[in-house]
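>>> Here is my input; please provide its structure:
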Amino acid sequence: MSKRSLRTAANLWSRKLHRWATVATAVPLLVVIVSGILLQLKKEITWVQPPTPQGAPGDPAVCMTHLLAMARSVDHAGVDSWSDVTRVDLHVDRRVVKVMSRSGWEIQVCAVTGTLLGSAIRRSDLIEALHDGSWFGSVAKLGIFLPSAVLVLVLWLTGVWLWFLPHVNRWIAVRRDALARSPRS
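Numbering: from 1, shown residues only. Predicted coordinates:
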C-alpha cells in the first residue's frame, strides 16, 4: 500500500469514526457539558449552591450536639438524627459549619455562636453526580459515561487528525515541488 493510499484510508477511517463517535456520545456528552458549566459557576449561581455567609468573629466552638439540634430545627431539611446527615463541613476562614442533609438541604450554622445563618437546597452535589454519571448508577457510569469519555478522546484525536491532514499534505506538496525544482548534482 502506498503512502498516499494509506493517508487516504486513514482519512476515511478517521471521518467515519469521528461521525459515529459523535452520534454515540451526543447525550452523555451533553449531560457532562451542561453539568460541567453549572459546576464551574456554582459559586456565582445561588440556585446551584447557596452562598456561604460570614460567621461571627472568634474561634469555632460549636459542638456536634448543637449542630444536630440546629439541623433538626429546619423543618424542610428533614433531619431527625445523624443518619439524615450526609456531611458536615467546617469553613474555618468564614467561621461557618455546613450540615448537608440526605434531602439535599444545606443548613449553615455560625461556628462561633451556634446561630442558624441560613438553609437552602444545595444542588451542586446532584449536578456533580450527573456530571460523573454516578446518579444513573454504576452500570451507566462505567457502561455509558466511561466509554463516552473514551470516545470523546477518540473524537479529539480524529478531529486533530482531520484538521492536521490538509496541513501535512500541503507541506508534503511544497517539499516535493521544492525538490523537483532544485538542481540535481
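>>> how near is His18 to Ala10?
12 Å (Cβ to Cβ, to the nearest Å). Where you see a C-beta, it was placed from the backbone N, CA and C, and this is true even at glycine.
>>> the more surrounded of these two?
His18 (17 against 13; other Cβ atoms under 10 Å).
>>> so the more buried one is in which element?
Secondary-structure assignment from DSSP states H and E places His18 in helix 3-40.
>>> Could you list the buried residues of that helix?
Buried residues in helix 3-40, counted by 16 or more other Cβ atoms under 10 Å: 11, 14, 17-18, 21, 24-25, 28-29, 31-32, 35, 38-39.
>>> The helix or strand just after it - contacts with which helices or strands?
With elements assigned by DSSP H and E, the helix or strand that comes after helix 3-40 is helix 64-73. Judged by 3 or more Cβ pairs under 8 Å, 6 or more residues apart in numbering; DSSP states H and E, helix 64-73 is in contact with strand 85-91, strand 96-101, strand 105-110.
>>> 6 Å instead?
Judged by 3 or more Cβ pairs under 6 Å, 6 or more residues apart in numbering; DSSP states H and E, helix 64-73 is in contact with strand 96-101, strand 105-110.
>>> Give me the residues contacting it.
79, 97, 99, 107, 109, 114, 116 (Cβ atoms under 6 Å, 6 or more residues apart in numbering).
>>> quick one: which of the buried residues of helix 3-40 is nearest to Val48?
Closest approach to Val48 among the buried residues of helix 3-40 (Cβ to Cβ): Leu38, at 5.4 Å.
>>> chain center to the helix or strand Val168 falls within, what's the gap?
Assessed by DSSP H and E, Val168 sits inside helix 146-181. Helix 146-181 has its C-alpha centroid displaced from the chain centroid by 29 Å (Cα atoms, centre = their mean, to the nearest Å).
>>> Could you do stretch 63-79 as well?
30 Å.
>>> Now do the domain split for this structure, please.
Structural domains assigned to the chain are 12-41+138-176, 64-122, following automatic domain parsing.
>>> Redo those domains as TSV? Include mean pLDDT and distance to Pro183.
Below are the domains of the chain laid out as TSV (pLDDT from 0 to 100; distance: least, Cβ to Cβ, whole Å):
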stretch	mean pLDDT	distance to Pro183
domain 12-41+138-176	84	16
domain 64-122	95	73
